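Sequence unavailable; structure follows:
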């Protein structure tokens, strides 16, 4: 299941959905808004998406993750719009029979989401300025 | 923080404690009771501990985890007594500035807990029998 | 033919709009479309080395042909998660 | 001296009690304590190859000396988590 949402992510619901009699391990990843980065204070983040493509990419990533690891459940929710400090911008929950698969799948999912899903984060800083974050400049660029 | 408890693990509380303005990533691991193992149906698990030593080992593991990775928060709760199907027997929550540390620390913690903390799991099977689980026979044994 | 390009994040801000319409010849590639976008909005030149293109919601390389019916978007470096 | 050994899980079930008291000489090691436990309860022999010992809540090797004031426990293969 993948979802883009403008509301706070309901983490307890996701965990309940992923915890099933046939699973033995659940791994949850939450990406949260950090207040200080390199000494500058962030007030909030705002996420923008190319929603149609982001949903398509997330569905493809769920399929690919399930192809790579035997998952009982795989849930990805990304928040859009303004996200206050310490709230989750992304939640990934995977449940598996064996724990190693859950850690590997969760880490691969968040790494790949950060590279290949068209979502952008703008920082609102305490000095009133805003800034687009570009953590991963693309190497294999179009010339 | 480490805790042994006979009550259901309050996962939402643990996540709230670990999600802090200085953290950017939270990883939760839940070990849950699986209903079927090798075709046999488990009704419940019962966990027994050498509580004094288990607490001491868990405290040592928290210290060692914090020495190895820069963690904002590190919470480990292990349940004792009877645990029904699909409920969590162990919860580990680590929050960090960078996500790679959170995955690595969480995985190391659960792997090490399963080897070095004196807690034992007894399976209650649907045929009325019980069985002590010995997933990791010790190699470096006392002769 | 006229091609409408969707713009997001820093690209949207540089262009001052969430899309830009440019004229390209009938057998134009993504590379030619990109040159047309930069010609129409020179300020966008600086983000091109780090940006990708999508056609109908899939990433495409610069040699792919565009069509009037294609949904095209310029994808600046993403930062979700 | 008399040594009380705490027993857990399968060890407790084999002994039928949560502890066992055995007599060892004054400078006995863990290895000698283990032999005394097996002598007192032969059924426990089969779990010894896979079990560890703790002294005052730390794992110890077989060459460590035991004392009457030590808290000793036999630790069968653990299965927490």
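Received, thanks. Because the structure is predicted, anything quoted here is derived from the model rather than measured.

Please identify which helix or strand holds residue A:89.
In the assignment (DSSP states H and E), residue A:89 maps to strand A:88-96.

from the chain's centre, how far out does that strand sit?
Strand A:88-96 has its C-alpha centroid displaced from the chain centroid by 7 Å (C-alpha atoms, centre = their mean, to the nearest Å).

same question, stretch C:13-27
7 Å.

Contacts for it, please.
With C-beta atoms under 8 Å, 6 or more residues apart in numbering or on different chains as the test, stretch C:13-27 has contacts from A:132, C:1-8, C:12, C:32-33, C:36-37, C:39-41, C:43-44, C:47, C:65-66. For the C-beta atoms, the positions are set from N, CA and C on the backbone; glycine is no exception.

now stretch A:114-127
Contacts of stretch A:114-127 (C-beta under 8 Å, 6+ apart): A:37, A:40-50, A:53-54, A:57-58, A:61, A:78, A:80, A:89, A:113, A:130-133, A:135-136, C:8-10, C:54, C:59, C:73, C:75-76, C:78-81.

again, but for stretch C:46-55
A:50, A:53, A:118, A:134, A:137-138, A:141-142, C:10-11, C:14, C:30, C:33-34, C:38, C:59-60, C:62, C:64, C:66, C:70-77.

Just the buried ones among the residues you listed, please.
A:50, A:53, A:118, A:134, A:138, A:142, C:10-11, C:14, C:30, C:33-34, C:38, C:59-60, C:64, C:66, C:70, C:72-77 (16 or more other C-beta atoms under 10 Å in any protein chain shown).

Got phi/psi on the residue nearest to residue A:97 when sequence neighbours are not counted?
Excluding its sequence neighbours, the residue lying closest to residue A:97 (C-beta to C-beta, 6 or more residues apart in numbering or on different chains) is residue A:24, at 5.4 Å. Note on residue A:24: its backbone torsions stand at phi -120, psi -10 [degrees, to the nearest 10].

Count the neighbours of residue A:24 for me.
If you count neighbours by other C-beta atoms under 10 Å in any protein chain shown, residue A:24 ends up with 22.

From the chain's centroid, how far away is stretch C:38-51?
Taking mean C-alpha positions (C-alpha atoms, centre = their mean), stretch C:38-51 and its chain are 9 Å apart.

which parts of that stretch are buried?
Buried, per 16+ other C-beta under 10 Å, within stretch C:38-51: C:38, C:41, C:44, C:47, C:48, C:50, C:51.

got the contact list for the helix or strand hosting the first one?
Read that as residue C:38. Element membership for residue C:38 (DSSP H and E) is helix C:30-40. With contacts defined as C-beta under 8 Å, 6+ apart, helix C:30-40 is touched by A:142-143, C:3, C:5, C:20, C:22-25, C:28, C:44-45, C:48, C:53, C:55, C:60-64, C:66, C:72, C:74.

Next, work out how far apart the residue of chain C found nearest chain D and chain B are.
Nearest residue of chain C to chain D, counting by C-beta to the nearest C-beta: residue C:81, 28.4 Å away. Distance, residue C:81 to chain B, by C-beta to the nearest C-beta, to the nearest Å: 8 Å.

In strands only, show me the contacts of stretch A:114-127.
A:37, A:40-49, A:78, A:89, A:130-132, C:54, C:59, C:73, C:75 (DSSP state E).

Out of the residues you listed, which end up buried?
Applying 16+ other C-beta under 10 Å to the ones in strands among the contacts of stretch A:114-127 flags A:42-45, A:47-49, A:78, A:89, A:132, C:54, C:59, C:73, C:75 as buried.

Save those residues as JSON lines, and put in distance to residue A:14 and pLDDT too.
Listed next are these as JSON lines, based on distance: C-beta to C-beta, whole Å; pLDDT from 0 to 100:
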{"residue": "A:42", "distance to residue A:14": "25", "pLDDT": "91"}
{"residue": "A:43", "distance to residue A:14": "27", "pLDDT": "88"}
{"residue": "A:44", "distance to residue A:14": "23", "pLDDT": "88"}
{"residue": "A:45", "distance to residue A:14": "20", "pLDDT": "92"}
{"residue": "A:47", "distance to residue A:14": "18", "pLDDT": "97"}
{"residue": "A:48", "distance to residue A:14": "23", "pLDDT": "97"}
{"residue": "A:49", "distance to residue A:14": "19", "pLDDT": "98"}
{"residue": "A:78", "distance to residue A:14": "12", "pLDDT": "98"}
{"residue": "A:89", "distance to residue A:14": "14", "pLDDT": "97"}
{"residue": "A:132", "distance to residue A:14": "29", "pLDDT": "88"}
{"residue": "C:54", "distance to residue A:14": "28", "pLDDT": "98"}
{"residue": "C:59", "distance to residue A:14": "28", "pLDDT": "98"}
{"residue": "C:73", "distance to residue A:14": "29", "pLDDT": "98"}
{"residue": "C:75", "distance to residue A:14": "28", "pLDDT": "98"}
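
now for those residues, which pair is the farthest apart?
A:43 and C:59 (32.7 Å; C-beta to C-beta).

Residue C:61: neighbouring residues, count only.
For residue C:61, using other C-beta under 10 Å, the count is 14.
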